[in-house]
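> fold the stuff below for me.
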Amino acid sequence: MLITRLSDLADAKVCPRLVVKIGSSLLVGRDGVRRSWLEGLVGELAAARARGQELIVVSSGAIALGASKLNLDKGGRGNLADAQAAAAVGQIALSGLWAELLAAHGLIAAQLLLTLDDLEDRRRYLNATATLTRLLDMGAVPVINENDSVATQEIRFGDNDRLAARVAQAAGASAVLLLSDVDGLFDRNPALPGAQLLREVRGVTPQILAMASGGSMSGMGSGGMTSKLQAAEIAERAGIALAIGSGLVEAPLVRICTDEVGTLFLPLRKAGARKAWLGGRLKLKGALVVDAGAVAALGKGGSLLAAGITGIEGEFKRGDAVAVRGPDGSVIAHGLAEYDAADSAKLVGRKNSEQAALLGYAPRSAVVHRDQMELL
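Next comes the predicted model:
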């Protein structure tokens, strides 16, 4: 069954597995944990479990909690060392809090800390999938956060919005609900007169992306509307619905799912598991620039041939994930390269009949095979 409206997120038949993401500004206020609000939210989550839904929680807040305990300024985000130290201290408090509040409703919490590489590397991605599946089968509620105590700029998601979408892919979830400090996506800055809340979005287009602003309203977290739209792109390619709604109110799930106040991003298509993983990748080793003819061929389901390539970007090895860029620079696909960057450069614009002499060995059928590529 397909999710077509916000109320479907509360229907166990339509949405049997739901990922709920809570931002730092909702969980931690100026005076510490917003415990009363969080107790109410956990009560709503317990009600969802009681009606038969499986739940995964993606919870921010470790850095904010740790910064408070360590008396760090700028919310612990002044520099990388402060953020890592704050996360190490705060994660203990965060996981303990979730375990305590879920236990009050007879639910078992399970903690998973993930880095970008855990979901970008295929083997580790499958390991995460297996762990999540087993925990859900046993009735536990996985509580997930980025492993900020070890993550650096090169190996981090940078926000839990995109992490939530990738976790939803790995877990085979029906939908993702991002609890934020705004009601959803507006057609302009919601502070401006006449701003209209978009109730439904079919595809994250350039026009939709132009409506986003980059920063978090609270200054507490690391994500803004741009990161939420990137999460929606990841989800929609895997056939997963994504909703954005305000967590600033009491009983936010009721307001979003019953009163239907929020923005619902409808899934565009259902990619296979491997292609969904490819399409959702955030860390790419390089890029292949192609001409208009290659773009047309890929759109018809073809593989990427050397003759249609006009340029190579980055350093990559055979089997690495790369972007495929059109003549205008836009990314049209992600795929696994059949050659390393050096050999790919030798083949730029060359016909199949020329390739053996250039490489010194029998060429492969394509530079990126259609079975190892996901169009975006």
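
> which helix in the chain runs the most residues?
Of all segments of type helix in the chain, defined using DSSP state H, the longest is helix 80-103.

> could you list every helix and strand in contact with it?
helix 35-50, strand 54-59, helix 62-70, strand 109-114, strand 141-146 (3 or more CB pairs under 8 Å, 6 or more residues apart in numbering; DSSP states H and E). Every C-beta, even on glycine, is put in place using the N, C-alpha and C of the backbone.

> check which residues of it are buried.
Neighbour-count burial for helix 80-103, counted by 16 or more other CB atoms under 10 Å, picks out 82-91, 93-95, 97-99, 101-102.

> please apply the same query to stretch 23-36.
With burial defined by 16+ other CB under 10 Å, the residues of stretch 23-36 counted as buried are Gly23, Ser24, Ser25, Leu26, Leu27, Val28, Val33, Arg34.

> what of stretch 318-338?
Residues of stretch 318-338 classed as buried under the neighbour-count rule (16+ other CB under 10 Å) are 320-326, 332-338.

> distance between the ends of it?
The first residue of stretch 318-338 is 5 Å away from its last residue (CA to CA, to the nearest Å).

> and the chain, what are its domains?
For the chain, automatic domain parsing gives the domain ranges 6-276, 284-375.

> let's have those in a markdown table, adding mean pLDDT.
Compiled in a markdown table, the domains of the chain are given as follows (pLDDT from 0 to 100):
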| stretch | mean pLDDT |
| --- | --- |
| domain 6-276 | 87 |
| domain 284-375 | 90 |
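
> buried deepest among these, which one?
Burial among the domains of the chain, expressed as mean neighbours by mean count of other CB atoms under 10 Å, is greatest for domain 6-276, which shows a mean of 19.

> which residues in the protein form helices?
Using DSSP H, the helices of the chain run over residues 24-27, 35-50, 62-70, 80-103, 116-120, 122-137, 160-171, 206-209, 225-237, 252-253, 273-279, 292-299, 341-347, 352-359.

> and the ones you listed: which comes nearest Ser7?
When these are compared by CB to CB, helix 252-253 sits nearest Ser7, at 11.1 Å.

> and which of the buried residues of stretch 318-338 is nearest to Gln169?
Minimum separation from Gln169 among the buried residues of stretch 318-338 (CB to CB) is found for His334, which lies at 13.3 Å.

> tell me the bridge partners for the closest one.
Per DSSP bridges, the residues bridged to His334 are Ala323, Glu374.

> list the contacts for it?
With contacts defined as CB atoms under 8 Å, 6 or more residues apart in numbering, His334 is in contact with Leu278, Gly279, Arg281, Leu284, Ala321, Val322, Ala323, Val324, Met373, Glu374, Leu376.

> now distance to Ser353 too, for those residues, in CSV please.
Converted to CSV, the contacts of His334 look like this (distance: CB to CB, whole Å):
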residue, distance to Ser353
Leu278, 30
Gly279, 33
Arg281, 33
Leu284, 30
Ala321, 29
Val322, 25
Ala323, 28
Val324, 23
Met373, 24
Glu374, 29
Leu376, 31
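
> is it true that Leu94 touches Gly61?
Yes. Counting by CB atoms under 8 Å, a contact exists between Leu94 and Gly61, whose distance comes to 5.2 Å.

> need the overlap of contacts for those two.
Residues touching both Leu94 and Gly61 by CB under 8 Å, 6+ apart: Asn145.

> quick one: contacts for Gln355?
Under the criterion of CB under 8 Å, 6+ apart, the contact partners of Gln355 comprise Ala306, Leu347, Pro363.

> now it: how far from Gly319?
Gln355 sits 19 Å away from Gly319 when distances are taken as CB to CB, to the nearest Å.

> and for Gly78?
Remark: distance between Gly78 and Gly319 (CB to CB) = 39 Å.

> same check on Gly299?
Shown here: Gly299 relative to Gly319, a distance of 25 Å by CB to CB.

> again, but for Ala168
The spacing between Ala168 and Gly319, counted by CB to CB, is 26 Å.

> coming back round to it: ok, and what's touching the longest helix of the chain?
Taking CB under 8 Å, 6+ apart as the criterion, the residues outside helix 80-103 that touch it are 33, 38-39, 42, 45-46, 57, 59, 61-70, 72, 74, 76-77, 108-109, 111, 113, 141, 143, 145, 147-153.

> tabulate the CA atom coordinates of it in PDB.
Provided in PDB are the C-alpha atoms of helix 80-103 (Å, rounded to 0.1, in the frame of the first residue of the first chain):
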ATOM      1  CA  LEU A  80      35.900  19.700  15.900                       C
ATOM      2  CA  ALA A  81      37.700  18.700  19.100                       C
ATOM      3  CA  ASP A  82      35.000  20.300  21.300                       C
ATOM      4  CA  ALA A  83      32.300  18.600  19.300                       C
ATOM      5  CA  GLN A  84      33.900  15.200  19.600                       C
ATOM      6  CA  ALA A  85      34.500  15.600  23.300                       C
ATOM      7  CA  ALA A  86      30.900  16.900  23.900                       C
ATOM      8  CA  ALA A  87      29.500  13.900  21.900                       C
ATOM      9  CA  ALA A  88      31.500  11.400  23.900                       C
ATOM     10  CA  VAL A  89      30.000  12.800  27.200                       C
ATOM     11  CA  GLY A  90      26.600  13.600  25.900                       C
ATOM     12  CA  GLN A  91      25.900  10.200  24.200                       C
ATOM     13  CA  ILE A  92      25.900   8.400  27.500                       C
ATOM     14  CA  ALA A  93      23.300  10.800  28.900                       C
ATOM     15  CA  LEU A  94      21.300  10.600  25.600                       C
ATOM     16  CA  SER A  95      21.200   6.800  25.400                       C
ATOM     17  CA  GLY A  96      20.400   6.500  29.100                       C
ATOM     18  CA  LEU A  97      17.500   9.000  28.700                       C
ATOM     19  CA  TRP A  98      15.900   7.100  25.800                       C
ATOM     20  CA  ALA A  99      16.400   3.700  27.600                       C
ATOM     21  CA  GLU A 100      14.700   5.100  30.700                       C
ATOM     22  CA  LEU A 101      11.700   6.700  29.000                       C
ATOM     23  CA  LEU A 102      11.000   3.800  26.600                       C
ATOM     24  CA  ALA A 103      11.300   1.300  29.500                       C
END
